[in-house]
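Novice: Fold the following and give me the result.
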Amino acid sequence: MKARKEMVAMGTKIGAALGGIAFLAFGALPGFFFGSYGTLLVLKHLMGGPVEPTVIVRMAVAVGTLLGVVCIGSASIVLGSVIGTGIGYAIEAVSAPVSAKETSEAAAKTG
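Specialist: Numbering: from 1, shown residues only. The predicted model follows:
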């Protein structure tokens, strides 16, 4: 039972690391774009027209950009963890019958 938990935990950690790497490779730039563009759209609707580049607008765009990067990064890491956990369960399911068989053979020889 302990080996099963360790296998699943290892799969979760490896999946989270791979999700983080995938975010750095493919998700950082879209996070910047989606966050800043989404903020500009919200500000445009709130102000009822084109947005002037004032200090408040620039700060809002900076916060929106940061929020977009954090959201995409979090989603990448969580998705990687979920996939890693599933792979950990699959590997444990494949390897469990082999260890159970070895244990039963060892018990038969000693008994």
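Novice: Let me see the contact set for G27.
Specialist: Neighbour list for G27: 72-73, 76 [criterion: Cβ atoms under 8 Å, 6 or more residues apart in numbering]. Every residue, glycine included, has its C-beta placed from N, CA and C.
Novice: For those residues, which single residue is the most surrounded?
Specialist: The most neighbours of any of these, using other Cβ atoms under 10 Å, belong to S76, which has 23 neighbours.
Novice: what about the chain, any weak spots by pLDDT?
Specialist: Low-confidence segments of the chain, defined by pLDDT under 70: 1, 96-108, 111.
Novice: ok so, going back, so of the contacts of G27, which ones are in strands?
Specialist: Judged by DSSP state E, strands contain none of the contacts of G27.
Novice: What segments of the chain are helices?
Specialist: Using DSSP state H, the helices of the chain run over 2-22, 28-47, 55-110.
Novice: Report the angle between the first one and helix 55-110.
Specialist: Angle, helix 2-22 to helix 55-110, by axes from the mean of the first three to the mean of the last three Cα atoms, to 10 degrees: 150 degrees.
Novice: tell me which residues of helix 2-22 are tucked away?
Specialist: Within helix 2-22, the residues that qualify as buried are 7-8, 10-12, 14-16, 18-20, counting by 16 or more other Cβ atoms under 10 Å.
Novice: likewise the shortest one?
Specialist: Buried positions in helix 28-47, judged by neighbour count with 16+ other Cβ under 10 Å: 31-32, 34-36, 38-40, 43.
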